[in-house]
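**Student:** how would this look folded up:
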Amino acid sequence: MSKWERGEATPDIGIMYTLSEIYGVTVSELIGQTEKSKETQEKLKAVEKDRKALERAKKKAMERAKKQKKKK
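**Tutor:** Predicted coordinates:
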């Protein structure tokens, strides 16, 4: 996906279909071809909130691992 966001490549349609099913949106909404419905916007906000929470948890876990490594 990051290559697609940078304009370096285009994603496989099968992947796009799978992502649209996972997130409960249409492929057109996913790629920005059509305006996102209110329901889709709410789902995307929830996904972004979850992504941020996972990123914070990952950062904390890495910090704990570094501290434990220093103790050894």
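
**Student:** and stretch 52-70, how far out from the chain's middle?
**Tutor:** Centre-to-centre, stretch 52-70 and its host chain are 20 Å apart (CA atoms, centre = their mean, to the nearest Å).

**Student:** Next, A9: secondary structure please.
**Tutor:** A9 carries the three-state label coil when classified by DSSP: H, G, I helix; E, B strand; the rest coil.

**Student:** In space, what's closest to it - neighbours in sequence excluded?
**Tutor:** The shortest distance from A9 to any non-neighbouring residue, by CB to CB, 6 or more residues apart in numbering, is to K3 (4.1 Å). In short, each C-beta sits where N, CA and C put it, glycine included.

**Student:** Work out for me the element that neighbour sits within.
**Tutor:** In this assignment (DSSP states H and E), K3 forms part of helix 2-5.

**Student:** So for the helix ranked longest in the chain, what gets flagged as buried?
**Tutor:** Identified as the longest helix of the chain according to DSSP state H is helix 38-71. By neighbour count with 16 or more other CB atoms under 10 Å, helix 38-71 contains the buried residues 40, 43-44.

**Student:** and of these, the nearest to R51?
**Tutor:** Among those, L44 lies closest to R51 (CB to CB), at 10.3 Å.

**Student:** The residue nearest to A9 is in contact with D12, isn't it?
**Tutor:** No. Between K3 and D12 there is no contact under CB atoms under 8 Å: 11.7 Å.

**Student:** Distance-wise, check the residue positioned nearest the centre of the chain relative to K36.
**Tutor:** Nearest to the mean C-alpha position of the chain, by CA atoms, centre = their mean, lies R51 at 6.3 Å. Counting by CB to CB, to the nearest Å, the gap from R51 to K36 is 17 Å.

**Student:** before we move on, the earlier item: right, and the helix or strand after the helix holding K3?
**Tutor:** Per DSSP H and E, the first helix or strand lying C-terminal to helix 2-5 is helix 13-23.

**Student:** List of residues touching that next one?
**Tutor:** Identification of contacts with helix 13-23 by CB atoms under 8 Å, 6 or more residues apart in numbering yields 26-27, 29-31, 43-44, 47.
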